[in-house]
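Undergrad: give me a model of this one.
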Amino acid sequence: MFARRAVLAVLVTLTLVFAYNLIWGKSGAIAYTERKSRCDALEERIRLVEADNLELSREIRLLQSDEKYMEKTIRNRLNFVRSNEILYIFPGETKGEVVGAPPHETKD
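TA: Numbers count the residues shown, from 1 in each chain. From the prediction side, this is the model:
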């Protein structure tokens, strides 16, 4: 009778230890959900970086091959103007876009 109770106590103890490790252990359910959410966040970040990379590659191709796009980019980002234009920069502008360019532009 004592041997049966001892074996039962050992089995219950082992079951409790295994259950604890299954839920709160190093490789348990809680650790799995934390790792899964971190993995999902990293995959989303990779997706965003790949999208940015694709957009930058497209812009590089346009800058190398399309002169009108290159001119537009230079004018917008660096505030370049032609000899017959006047550039007005108003306080509070954040993008550095050309404001007040005439509607008809002629190439010099």
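Undergrad: which helices and strands does the lowest-mean-pLDDT helix or strand in the chain pack with?
TA: Least confident element among the helices and strands of the chain, by mean pLDDT, DSSP states H and E: helix 67-78 (a mean of 90). Helix 67-78 is packed against helix 29-65, with contacts defined by 3 or more Cβ pairs under 8 Å, 6 or more residues apart in numbering; DSSP states H and E. C-beta here means a position set from N, CA and C on the backbone, and glycine is covered the same way.
Undergrad: buried residues in the helix it packs on?
TA: By neighbour count with 16 or more other Cβ atoms under 10 Å, helix 29-65 contains no buried residues.
Undergrad: residues in contact with stretch 27-34?
TA: By Cβ atoms under 8 Å, 6 or more residues apart in numbering, the surrounding residues in contact with stretch 27-34 are Asn21, Leu22, Ile23, Trp24, Gly25.
Undergrad: could you say which of those residues is surrounded by the most neighbours?
TA: Using other Cβ atoms under 10 Å as the neighbour criterion, Gly25 leads the contacts of stretch 27-34 with 14 neighbours.
Undergrad: which residues touch it?
TA: So Gly25 contacts Ala31 (Cβ under 8 Å, 6+ apart).
Undergrad: what's the separation between it and Glu34?
TA: Distance, Gly25 to Glu34, using Cβ to Cβ, to the nearest Å: 13 Å.
Undergrad: reformat the contacts of stretch 27-34 as CSV; add distance to Leu56, pLDDT and secondary structure.
TA: CSV is the format used below for the contacts of stretch 27-34 (distance: Cβ to Cβ, whole Å; pLDDT from 0 to 100; DSSP: H, G, I helix; E, B strand; the rest coil):
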residue, distance to Leu56, pLDDT, secondary structure
Asn21, 47, 88, helix
Leu22, 46, 88, helix
Ile23, 45, 88, helix
Trp24, 45, 87, helix
Gly25, 44, 87, coil
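Undergrad: if anything else comes up later, I'll come back, but that's it for now.
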